[in-house]
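Visitor: structure for this input, please:
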Amino acid sequence: MTHIPQGPTDASTFLKAVVAQTSTLAAWVDGKDATIPVPTTPKWTLADLVDHIGATQRMVAMLVGERMTEPSSAFARYVPAPTDSTQWGAWLTDAAAEAEQAFASVAADTPVWDPSGAAAGVAFWSRRLLGEACVHRADAAAALGMRYELTPEIAVAAVEDWLDTMTSRGYWENRPDFADAMRGDGQTLHFHATDAPGEWLARREPDRVALERTHAEADITVSGSATELLLVISRRRPLSAASTLELQGDRALFTHWIEHMDWVTD
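Guide: Next comes the predicted model:
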């Protein structure tokens, strides 16, 4: 098996992308009706989406900037979004700027709590914020009828974040429903981005989902543009509407996988 590079890897590159993604999203939502429903996250309104994005970025900025090894202080200082939607644009761009400044103030190996179970700290959170920004901008695009685009390299990094987070030890332990659904005896899924370097092999084992960055034969191979791959595996676009994706193998295995990638969509 060959290791496949998975897009950008350093925190500063990720945070520049977070700022750019958030700036675009901020321009979209500023002054909009707070009650607009978000079809990709059916329990959310636009106000809920904005609140989640900005508050999450601020909490991560606290965790990283204050080098927290225990998260309760950051969670207790949750900063809600303004109720006046004309303040949303500035509130969101300020949150992304705070996050960028926080990451610039620490070294890559600074101890910081993260939920992955791998003690990845700064590296985990920089990529997690990028994944959040990309997926939730897709939510905003769906709610507001905006065109959604990502560069292939950024989309690959967001796919990497989604798959790595979902297959982390921490996620497995904290979501027993997900763990029960994903237990297996070696079934494999291969995800292949065709417009930028990015390939992943997920293997369902009894006690985890093992993830490798490699090209390999699998029970199901899903290939296509990195952006569409991200939208489908994060359940932001139905598989039936994914025009660039090609599936080879056990389609039911991929359908089962998608059905349990529910994270915030439920």
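
Visitor: only C-alpha atoms from now on, for both contacts and neighbour counts.
Guide: OK.

Visitor: alpha carbons of the worst-scoring helix or strand of the chain on mean pLDDT, as CSV, please.
Guide: Least confident helix or strand of the chain, by mean pLDDT, DSSP states H and E, is helix 72-76 with a mean of 85. Extracted as CSV, the C-alpha positions of helix 72-76 are listed here (Å, rounded to 0.1, in the frame of the first residue of the first chain):
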residue,chain,number,x,y,z
SER,A,72,-15.1,22.8,31.0
SER,A,73,-13.9,26.4,31.3
ALA,A,74,-14.2,26.9,27.5
PHE,A,75,-17.6,25.3,27.4
ALA,A,76,-18.9,27.4,30.3
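
Visitor: what is that helix packed up against?
Guide: Counting contacts by 3 or more Cα pairs under 8 Å, 6 or more residues apart in numbering; DSSP states H and E, helix 72-76 packs against helix 46-65.

Visitor: so how far is the strand or helix carrying residue 24 off the chain centroid?
Guide: Under the criterion of DSSP states H and E, residue 24 resides in helix 11-29. Distance of helix 11-29 from the chain centroid (Cα atoms, centre = their mean, to the nearest Å) equals 13 Å.

Visitor: and it, what other elements does it pack with?
Guide: Against helix 11-29 (3+ Cα pairs under 8 Å, 6+ apart) you get helix 88-104, helix 122-144.

Visitor: now it and helix 122-144, what's the angle there?
Guide: Interaxial angle of helix 11-29 relative to helix 122-144 (axes from the mean of the first three to the mean of the last three Cα atoms, to 10 degrees): 20 degrees.

Visitor: list the buried residues of helix 11-29.
Guide: Within helix 11-29, the residues scored as buried using 16 or more other Cα atoms under 10 Å are 11-12, 14-15, 17-23, 25-26, 28-29.

Visitor: got the angle for that helix vs helix 88-104?
Guide: Going by the same axes, to 10 degrees, helix 11-29 makes 170 degrees with helix 88-104.

Visitor: and helix 11-29 with helix 46-65, angle?
Guide: Using the same axes, to 10 degrees, the inter-axis angle of helix 11-29 relative to helix 46-65 is 160 degrees.

Visitor: picking up where we left off before, which one of the helices and strands packed on helix 11-29 lies nearest to residue 195?
Guide: Smallest distance to residue 195 across those (Cα to Cα): 17.2 Å, for helix 122-144.

Visitor: list the helices and strands the closest one packs on?
Guide: helix 11-29, helix 46-65, helix 152-166, helix 226-233.

Visitor: so for that helix, mean pLDDT?
Guide: Computed over helix 122-144, the mean pLDDT rounds to 97.

Visitor: tell me which residue lies nearest the centroid of this structure.
Guide: Residue closest to the average C-alpha location in the chain (Cα atoms, centre = their mean): residue 131, at 3.1 Å.

Visitor: OK, contacts around that one?
Guide: Residue 131 sits next to 157-159, 161-162 when contact means Cα atoms under 8 Å, 6 or more residues apart in numbering.

Visitor: and the gap between it and residue 205?
Guide: Residue 131 sits 25 Å away from residue 205, going by Cα to Cα, to the nearest Å.

Visitor: next one: residue 37
Guide: Distance from residue 37 to residue 205, counting by Cα to Cα: 38 Å.

Visitor: and for residue 123?
Guide: 26 Å.

Visitor: looking at the two, which one has more neighbours?
Guide: Comparing residue 123 with residue 205 by other Cα atoms under 10 Å, the one with more neighbours is residue 123, at 20 against 15.

Visitor: the more buried one contacts residue 108, doesn't it?
Guide: Yes: at 6.6 Å, residue 123 and residue 108 qualify as touching, with contact defined as Cα atoms under 8 Å.
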